[in-house]
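**Student:** Need a 3D model of the following:
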Amino acid sequence: MSIQEVSAEQLAELFHHYHQALAPDFGCPTPSTPELWDQVSQPEKNRMVAAARLAILEVVSTTREVEDPRRYFAKPGDAEWGC
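**Tutor:** Next up, the predicted model:
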């Protein structure tokens, strides 16, 4: 799976889940029952999805391989000739 195949909604939901799950390990105060994704207000979900979308776009734009303009051509001596 590539980063382009990850939806912003999926990333936001997973981030929320792990953020809630790891809070006690970092000494963060947490409610006795963690907030489920379905309980998050719609404006907050929209904000998290927008942040996830921006993060995905940034990762894609900064990790693109520099395209080799010669990648479609055979290396010297490797070309097959004939009709």
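**Student:** show me the contacts for the closest residue to Thr30 other than its chain neighbours.
**Tutor:** Spatial nearest neighbour of Thr30, chain neighbours left out: Ala23 (4.6 Å); criterion: Cβ to Cβ, 6 or more residues apart in numbering. Glycine gets a C-beta too; all of them are placed from N, C-alpha and C. Neighbouring residues of Ala23 by Cβ atoms under 8 Å, 6 or more residues apart in numbering: 29-30, 34.
**Student:** can you check Leu22 too?
**Tutor:** Going by Cβ under 8 Å, 6+ apart, the list of residues near Leu22 is empty.
**Student:** what residue lies at the spatial centre of this structure?
**Tutor:** Ile56 (4.6 Å; Cα atoms, centre = their mean).
**Student:** Could you export the helix or strand hosting that one as PDB, CA atoms only?
**Tutor:** Per DSSP states H and E: Ile56 is located in helix 42-63. Taking Å, rounded to 0.1, in the frame of the first residue of the first chain, the C-alpha atoms of helix 42-63 are listed here in PDB:
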ATOM      1  CA  GLN A  42     -18.300  16.700  13.500                       C
ATOM      2  CA  PRO A  43     -16.300  20.000  13.500                       C
ATOM      3  CA  GLU A  44     -13.400  18.300  15.400                       C
ATOM      4  CA  LYS A  45     -13.500  15.300  12.900                       C
ATOM      5  CA  ASN A  46     -13.400  17.700  10.000                       C
ATOM      6  CA  ARG A  47     -10.400  19.500  11.500                       C
ATOM      7  CA  MET A  48      -8.500  16.200  12.100                       C
ATOM      8  CA  VAL A  49      -9.400  14.900   8.600                       C
ATOM      9  CA  ALA A  50      -8.200  18.200   7.100                       C
ATOM     10  CA  ALA A  51      -4.900  17.900   9.100                       C
ATOM     11  CA  ALA A  52      -4.500  14.400   7.900                       C
ATOM     12  CA  ARG A  53      -5.100  15.400   4.300                       C
ATOM     13  CA  LEU A  54      -2.400  18.100   4.500                       C
ATOM     14  CA  ALA A  55       0.000  15.600   6.200                       C
ATOM     15  CA  ILE A  56      -0.500  13.100   3.400                       C
ATOM     16  CA  LEU A  57       0.000  15.800   0.700                       C
ATOM     17  CA  GLU A  58       3.200  16.900   2.400                       C
ATOM     18  CA  VAL A  59       4.600  13.400   2.700                       C
ATOM     19  CA  VAL A  60       3.800  12.700  -0.900                       C
ATOM     20  CA  SER A  61       5.400  15.900  -2.100                       C
ATOM     21  CA  THR A  62       8.500  15.500  -0.100                       C
ATOM     22  CA  THR A  63       9.200  11.800  -0.700                       C
END
